[in-house]
Every structure is written in C-alpha cells, then in structure tokens.
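Enquirer: need a structure here:
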Amino acid sequence: MGYAEIEELSEDENLLKEEVHRFAEEVVRPASLEIDRMPSSEYPRKVVERDSPYWRVMRAWKRLGYHRGPVPQVFGGEGLPARMVHLMVEEVAWGSSGFAVAMGVDLFPVTFALLSLREDLREELVEPWLEDDQARYQGCWGVTEPEHGSDFVLAGSLPREEWGRVGAGQVQGRREGEGWMISGSKAAWISCAPVATHVALHFNQDFVRGTGQACVVPLDLPGVRKGPPILKLGQRDCPQGELVFEEVRIPERYVISPLEFTEEEVSLVKGQLLSLTSSWMAASSVGLARAAFEEALRYCRERVQGGKPLVRHQLVRKKLFEMFTKVETARSYSRRVMEHVWRENFERFTFRASYRHALAAQVYCKTVAYEVADAALQLFGGYGTTDEFLIQKLYRDARVKLIEDGTTEVLSLEGGGEVVEGYR
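Expert: Sure, this is the predicted structure:
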C-alpha cells in the first residue's frame, strides 16, 4: 500500500483504502499523466471531449458510486464517516490532486440544492446526481471573479462597513417576474467550469446591503457561456475556465438564499462552507505529499551515486525522514480536522465547526505538499526536471496548490483574525 497506519483501521476502512488506491493507481494516475502531456495547442479542445481521459475517470468514479460517499444518508448518500472520506480523498490525490479537487467541486451544486430544503429541487437535481453512473452531471463552484479572488475569503472578518470593498461581486442578479435574471462573469479560475453541467453560484455579493445570494444554475440555459480550459503550470487534469452569464433567467426555486443575510449568518455560512472545503483540500494535499515522498524514496533506493545507492548517504536519509515526518503529521492533523468538521455539520448538525482549525489544516497541508515535492525533486537532481519522471508533475501540482482555494497568505490572514478574535 505504500505506507503503514499508526492508527488501527477497521476492516471496512482498510478495504476502502485498498480499493480506492487501486482505482487511483490503475485509472486516475494514467489519465492524469495523459492529460498533462497533451500538446498545449490541443489541450483546451481535447480535455473537454466526452471521450477524453478526464471523462473516462469521472465515469469510472461515478459508476463505482464513490461520489455518493460523502453525502449524508438522510439525503440519500452513503454517509461515510469522516475518516473514510479522508482515506478516499487522500488515495485519489495520491493518483492526482487535480482529480481530487474535481471530485470535490462536483459536490457543490448538490450541497446548495440540499441547503434550499426544497423537495422539487431535490427531485430535479439531487436524486439524478446521486443515481448518475455515466458522469452526466459535473458540478463546479462559482466564486472567483475578475476583480476579486482570495480577498473574498476575508470579507466576513472585516467590519461590516468594509464588506463592499472586497465583497461586491460582478455577477449580479435581479428579480424579474417569478424568477431571477443573472448577469456578469466569473473568472477563469473556476475549477471544472469548462466541463460542468451545473454551477453553485454566488451572485450580487454586495454584503454592505446584506444581499449576498446563492443559487444553482444549469449551464445549458440560454445566455450561459463557458470559456475554454486555460493552460496552467500544473493540475491540468482539473480544467479551469471562466463562466459568463448574459441575462440568464432562472426560476425562484434555484435561488438558495433569497432572503437577506445578517452579519452573523454570513459569517456562519461562509465559515462552515470554507471549513468543508479546507478539510477536503488538506486531505488532497496529504495525498500529493505522500506521492512525492514515495517517488523520492523509490528513486533513492535505486539510484547509485558515489558507489552506493542514494539511501546509503546520510544526508539523503535525513531528508527522507524529514519528508516522511511532514507527511505523517499532515495526515494526522488533517484527518482530525475533517472528523471534527464532519461531526459538527453532518452528524450533530450544529454547523459550529472550528473555522480556524480548518484553515490551519489547509494552509499546513498545502505547505507540506510543496515542501515535500520540492525536496523530492532536489533528490532527483537533473532527472527530476525532465518529463521522464513523475516528480516534475507532482512539483508543479504542489506549486499550484499554494494558490488554489485561496492563497496560503490570505488564508493565514483569515485564520489569524479567527485566532485573535476567538481563541480562548
């Protein structure tokens, strides 16, 4: 399996870990490499085609029913406990951190639909998504806009009079008849937007007037335009692109939060939503870090320098142990945080998970992933910079992770505010 647990896993947990690892090794990683090696001139077109490696993985993922795992049983999902969700995310990310992110954002439209507590929306979207075994549905999360990105994370921690400075969104919505009209653009950094069928969308984000809104929008409606996948340094297996809404009409039932938010409600919803994403991002970063460490360990066992394998050199052994320590501590903390977040949101339904602990998990684990990948590439030497070895892709993926879902600097500022105001 590549690593030994210091915590005893149950028979079901071990079985899940082995099954998902095999899926990651045989399906996810080969497709990830195939996408990464697509010529730049062909990538934007080829990655979105229904017979592309991307869709091959997503069809297999849904055919096996893994997408239902994190959804609570009360809503029709498998209701996997947090430890099993963490095992699943880590193993997928071992194969590809980009695919782990894609599988995470796929959950967002369904999550928004469930938050609405509307039976008609549940029948229209949630149930077909749960039953999907051909990847007919793909979700994305529409937050980032051309004029704001990571700064959106900070809005809730600022004084109310300053919310508009970072929170006022370019995607606007207005009531029209019995529905809403949506207009504006989301930036090219929306994960899976080029391949998505639905978006969990934030619009009219002018928190000064208390009009933050959320909705689900099918992306085949008239007036919706999806931009092509952008070419990125890493994680090309999670295609990103812009979304443009030109007078897109949606019915009232698609709007999840039609009432004005209070300051406390904005902070609560944002904090819990970002606690969920942070715990998922932390787990995926652990999988990426472990993959980089294992590649380095394998190479150092085989590569002979100075008349002996690299692992016989003391400095190399020290570096490998430091990498191992980082992977293990990241897993332990991220797993504990995910168990806490899942318990408060999906078991007790208190919606009071510790936001600062979730932010700490994301920042720490993303940083560990980059540090381990960087150290691993250094051990490979010149070979590590070539396409011949996987480590150069893992390094690029880890570098991208320091920015996605909020830069580590901004997440740290947000977490710092949480510590200053809430630590007891």
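
Enquirer: so what's the spatially closest residue to residue 28 that is not a sequence neighbour up against?
Expert: Spatial nearest neighbour of residue 28, chain neighbours left out: residue 95 (3.4 Å); criterion: CB to CB, 6 or more residues apart in numbering. (Each C-beta comes from the backbone N, C-alpha and C, glycine too.) Residue 95 is in contact with 23, 24, 25, 27, 28, 29, 32, 287, 291, counting by CB atoms under 8 Å, 6 or more residues apart in numbering.

Enquirer: Repeat the analysis, applying 7 Å as the threshold.
Expert: 24, 25, 28, 29, 32 (CB atoms under 7 Å, 6 or more residues apart in numbering).

Enquirer: Touching stretch 285-305 from outside, list them.
Expert: If you take CB under 7 Å, 6+ apart as the criterion, stretch 285-305 is touched by 2-3, 89-94, 97, 100, 309-311, 316, 320, 323-324, 326-327, 330-331, 334, 365-366, 368-369, 372-373, 376, 379-380, 390-391, 394, 397-398, 401.

Enquirer: Need the nearest residue in space to residue 245, chain neighbours excluded.
Expert: Excluding the flanking residues, the one nearest residue 245 by CB to CB, 6+ apart is residue 182, at 4.6 Å.

Enquirer: The one you found and residue 242: what is the separation?
Expert: Using CB to CB, to the nearest Å, we find residue 182 at a distance of 15 Å from residue 242.

Enquirer: what's the answer for residue 60, then?
Expert: Counting by CB to CB - residue 60 and residue 242 are separated by 28 Å.

Enquirer: now residue 204
Expert: 18 Å.

Enquirer: Same question for residue 101.
Expert: Using CB to CB, residue 101 is found at 17 Å from residue 242.

Enquirer: okay, those two: which has more neighbours?
Expert: residue 101 (28 against 21; other CB atoms under 10 Å).

Enquirer: Pretty sure that one sits against residue 191.
Expert: Yes - contact criterion CB atoms under 7 Å: residue 101 and residue 191 qualify, at 5.6 Å.

Enquirer: Overlap in contacts, those two.
Expert: By CB under 7 Å, 6+ apart, the residues touching both residue 101 and residue 191 are residue 238.

Enquirer: three-state assignment of the residue sitting nearest the centre point of the chain?
Expert: In the chain, the centroid-proximal residue (CA atoms, centre = their mean) is residue 101; its distance is 3.5 Å. At residue 101, secondary structure determined by DSSP: H, G, I helix; E, B strand; the rest coil is helix.

Enquirer: if I pick it, what's in contact with it?
Expert: Contacts here follow CB under 7 Å, 6+ apart; on that basis residue 101 touches 191, 238, 284.

Enquirer: nearest to residue 18, of these?
Expert: Nearest to residue 18 among those, counting by CB to CB, is residue 284 at 19.1 Å.

Enquirer: can you confirm that closest one is in a helix?
Expert: Yes - according to three-state DSSP, residue 284 belongs to a helix.

Enquirer: Just to check, residue 38 is in contact with residue 46?
Expert: Yes - contact criterion CB under 7 Å: residue 38 and residue 46 qualify, at 5.6 Å.

Enquirer: The most far-flung residue of the chain relative to its centre and residue 319, how far apart?
Expert: Computed with CA atoms, centre = their mean, the residue of the chain farthest from its C-alpha average is residue 307, at 44.0 Å. Residue 307 is 20 Å from residue 319, where distance means CB to CB.

Enquirer: Then residue 330?
Expert: From residue 330 to residue 319 the distance is 17 Å (CB to CB).

Enquirer: likewise residue 60?
Expert: 36 Å.

Enquirer: next one: residue 182
Expert: Distance of residue 182 to residue 319, computed by CB to CB: 51 Å.

Enquirer: Same question for residue 368.
Expert: Per CB to CB, residue 368 is found 14 Å from residue 319.

Enquirer: Those two: who's more crowded?
Expert: When neighbours are counted by other CB under 10 Å, residue 368 and residue 319 differ, and residue 368 comes out ahead with 28 against 18.

Enquirer: Surely the more buried one touches residue 326?
Expert: Yes - taking CB under 7 Å as the definition, residue 368 is a contact partner of residue 326 at 4.6 Å.

Enquirer: which stretches of the stretch 101-250 of the chain form strands?
Expert: For the stretch 101-250 of the chain, applying DSSP state E, counting those that start in this stretch gives strands covering 139-142, 172-176, 179-191, 198-203, 213-218, 224-226, 240-251.

Enquirer: Please consider this matter closed, and thank you.
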